[in-house]
Structure formats: structure tokens, C-alpha cells
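1. Quick one: sequence and predicted model below, then my questions.
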Amino acid sequence: MATDQVSRLNTIWRRAGTGRLIQDLRQLALADHNAALRALNVDALIFPVFYIVLDEVDVLGLASGLTPRNAAAAWFCARRRAVGWNETAPPDADALVEALRWMLATGKGWDGPRRSHDEYDALLDEAAAQLTVTYHDKATLGDIADLIFLRNRKGLYLHDLVWSFFQTVDRPALDRIAKPLLSGDAREARLAAKLLHINLPESPDPVRRQNAYEQYVNWLDDNAPYLYVTGEHLQMTNSPRHLDCDDEAKYLHKPIEPRKRTPVEPLTDEERASLAAFRQTTDDEQALLTAYSHQLYERNHAAWQAWMKKDAAEQVLAAGKDYEAV
């Protein structure tokens, strides 16, 4: 791919608009086919420009000269558009992931040709879903988070993006969603609180907002390895809990795979026996054991190992006696 840092087509679109962009590409392709391809394949090209000229690329016979990234993006778009890539073989996974990341990273700042939720927005929504669900890609979660808040500011549809974002658990990305809790923009702060299913003080007092943020971050520190995707979403309820902590995993100190809610590593015979005993205790006892297990593990790993070898009744007794000292 060309490595120029300036895109002729980007500049034309920003300065002169869509009509001039299409006209310039037509004229360039008729005068110099290779020059048109170079303009399309430059690294700095942004997805909105590519989307606008996509039909022209096909009509002008430029499709076969596209780079793997651009060809993959064109193929992806063609599933919703009547253009010439419908009959071509799907791109390989690496090219498609690169294309989908590019679409979100460079395309999130544009709302598409119409104000309402249209084909362009739907393409970005689908790109986000493919990256998070099919390819388990965490690199793009920051862009998805940015797009969620951009759409919220403009009153645009964001439900599908939110669903995609919460199909995985990534600490930096969740912190990015939490940071707007500190915002002076009440609309952004309310959205962050809604997405994270936390109570935000109605008062704009920055101290109280800071406390809410710190409480969430502390909760995340304690529970991130044990969070799972609940399946709740904005189309189901106005106040979904997208992620929750698996108390059994936290009790065992056993990280889980968020979407499957299964241990990342198989349980040992000892862990299965401990879990069976844990399940026989009351809800209040389970809450005590989970909290104590986590804190003891962080404080004294050897003591935690010894405690885990006790039967459930002894664990509850030890936790009850020692909890205040932890």
C-alpha cells in the first residue's frame, strides 16, 4: 500500500464535498488509471471517502487494483450494496480484520449521508460486531466506545454498538467508558452510568462524581478476571447489566472466558470439590466466602491455599472470625 501521509481524495472531499470528489475520481481514472489507483490505495485514505466513491470504483474498473485492505472493505460493503464485489471470494481473515478496524477508526467521525440511522451507520455497527464476536478483537474497543459517545451526543442510534462493545471484557476499554462519569457534560455522564449499570448522583458535584468513578474502578480491579457477559442489552431493558461477576470463579480465583462463562483453564479435582461444597452454603455464606477468598488471596497467598483446603463450614468460620482483620 502506498505510504504517502496525504490523501488527495480526502482533501477534495473536505474542501469541495461529495459531488466534486466523485467528479475528480472519474476524471483521474479516465486520464491515468494507475494514478486513480494510487489515490485510492494511499494509507491515509479514510473510510467515508472510500464509501462515497465505492460505486465509481466498480464502474471505472478499478476494483481489481485495490489493496487487500480496500478490497476487503469493498467486499464487506457489497453485502449491503448492489456493486460488483458480490460474486468474488471472501477476503482472508487478516485483510478483513484490517479493513474493519480501518472502517471504524477512520469512519467513526462521520454520520453518513443522512441524519437518520442509515446504511453507513449499519456498516459500522456490523463491523464492530464482526470484530468483537467473530474475531475477538479488543484493539478496536476504544473506537467503538468513542463512536457510542459520538452518537449519543447527536441523538443517533447506538444500541447495536453497545451490544458489540460488551461482548468481551477489556479493562482499558471499560475504563474508557467509565471516564465520562467525571465529565461536566451531564448527558455523557448519564450514558456512562447507564452502560455500566451504576448509580450516579444527580448532583453535578465533582467530588461525588469522582467518588462514583473510583468506586467503579475499584470494583473493576477486584472483579475484572471474573466478569461475564450477561446477555442483557438495551433492546431488552432500559437499564441492562451488561457484565456481572461470577462469584464462583472469584471464590476459586479462577479467571473465566466472558462470553462462555467458563474457566480459562480447566478446574482441578480439588477445585471441583471446593466448588461443590461452596454451592451447598447459603447465599449469605457464599457472599462472605467470595469476598474473603479474594482478600485473603491478595494478602497472603500461602494462607489462602491453606484456607481453601478446609471444608466449607471451617472456611465460613474462619472467614467470619478474620474478615474484620482483612
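-> It's in. Numbering: from 1, shown residues only.
2. Counting neighbours, what do you get for D32?
-> The local packing count at D32 equals 12, with neighbours defined by other CB atoms under 10 Å. Where you see a C-beta, it was placed from the backbone N, CA and C, and this is true even at glycine.
3. how much space is there between it and L54?
-> In this view, D32 and L54 are 20 Å apart by CB to CB, to the nearest Å.
4. Then I256?
-> The spacing between I256 and L54, counted by CB to CB, is 41 Å.
5. Which one's more surrounded, these two?
-> Using other CB under 10 Å as the criterion, I256 and L54 rank with I256 on top: 22 against 19.
6. I'd say that one and T262 touch.
-> Yes. Counting by CB atoms under 8 Å, I256 does reach T262; the two are 6.2 Å apart.
7. All the strands of the stretch 151-300 of the chain, residue numbers only.
-> 227-229, 243-245, 256-257, 262-263 (DSSP state E, counting those that start in this stretch).
8. neighbouring contacts of the third one?
-> If I follow you right, that is strand 256-257. Residues outside strand 256-257 that contact it (CB atoms under 8 Å, 6 or more residues apart in numbering): 225-228, 246, 249, 262-264.
9. Read off the pLDDT value for Q235.
-> pLDDT, Q235: 88.
10. my hunch is that R80 is in a helix, does that hold up?
-> No. Going by DSSP: H, G, I helix; E, B strand; the rest coil, the assignment for R80 is coil, not a helix.
11. Now do it against D125, distance only.
-> 11 Å.
12. how close does Q27 sit to A39?
-> 11 Å.
13. With neighbour numbers in mind, choose between the two.
-> A39 (24 against 11).
14. I'd like to know which elements the strand or helix carrying the more buried one is packed against.
-> Following DSSP states H and E, one finds A39 within helix 33-41. For helix 33-41, the elements it packs on are helix 8-16, helix 18-31, helix 47-59, judged by 3 or more CB pairs under 8 Å, 6 or more residues apart in numbering; DSSP states H and E.
15. Tell me which of these sits most buried.
-> Of all these, helix 47-59 carries the top mean neighbour count, a mean of 21, counting by mean count of other CB atoms under 10 Å.
16. Give me the contacts around it.
-> Here helix 47-59 has contacts from 7, 9-10, 13, 18, 21-22, 25-26, 29, 40, 62-63, 66, 70, 73-74, 77, 81, 83-85, 102-103, 106-107, 110, 113, 120, 123, using CB under 8 Å, 6+ apart.
17. on that earlier part again, for the helices and strands packed on helix 33-41, give me CSV that also has distance to Y297 and mean pLDDT.
-> Compiled in CSV, the helices and strands packed on helix 33-41 are given as follows (distance: least, CB to CB, whole Å; pLDDT from 0 to 100):
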stretch, distance to Y297, mean pLDDT
helix 8-16, 52, 96
helix 18-31, 58, 96
helix 47-59, 46, 94
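18. Would you format the ones you listed as CSV with distance to D170 included?
-> Below are these laid out as CSV (distance: least, CB to CB, whole Å):
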stretch, distance to D170
helix 8-16, 30
helix 18-31, 36
helix 47-59, 23
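19. what comes up buried for stretch 247-265?
-> Under the neighbour-count criterion of 16 or more other CB atoms under 10 Å, stretch 247-265 has 247-256, 258-259, 261, 263 buried.
20. ok, of the residues you listed, which one's closest to H301?
-> Distance to H301 across the buried residues of stretch 247-265 (CB to CB) is lowest for H253, with 9.4 Å.
21. residues touching that closest one, list them.
-> Residues near H253 by CB under 8 Å, 6+ apart: 293-294, 297, 304.
22. and with 7 Å instead?
-> Counting by CB atoms under 7 Å, 6 or more residues apart in numbering, H253 makes contact with 293, 297.
23. Buried among the contacts of helix 47-59? Need that as a selection in ChimeraX.
-> One line in ChimeraX is enough to select the buried ones among those; burial here means 16+ other CB under 10 Å:
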select :7,9,10,13,21,22,25,29,40,62,63,66,70,73,74,77,81,83,84,85,102,103,106,107,110,120,123
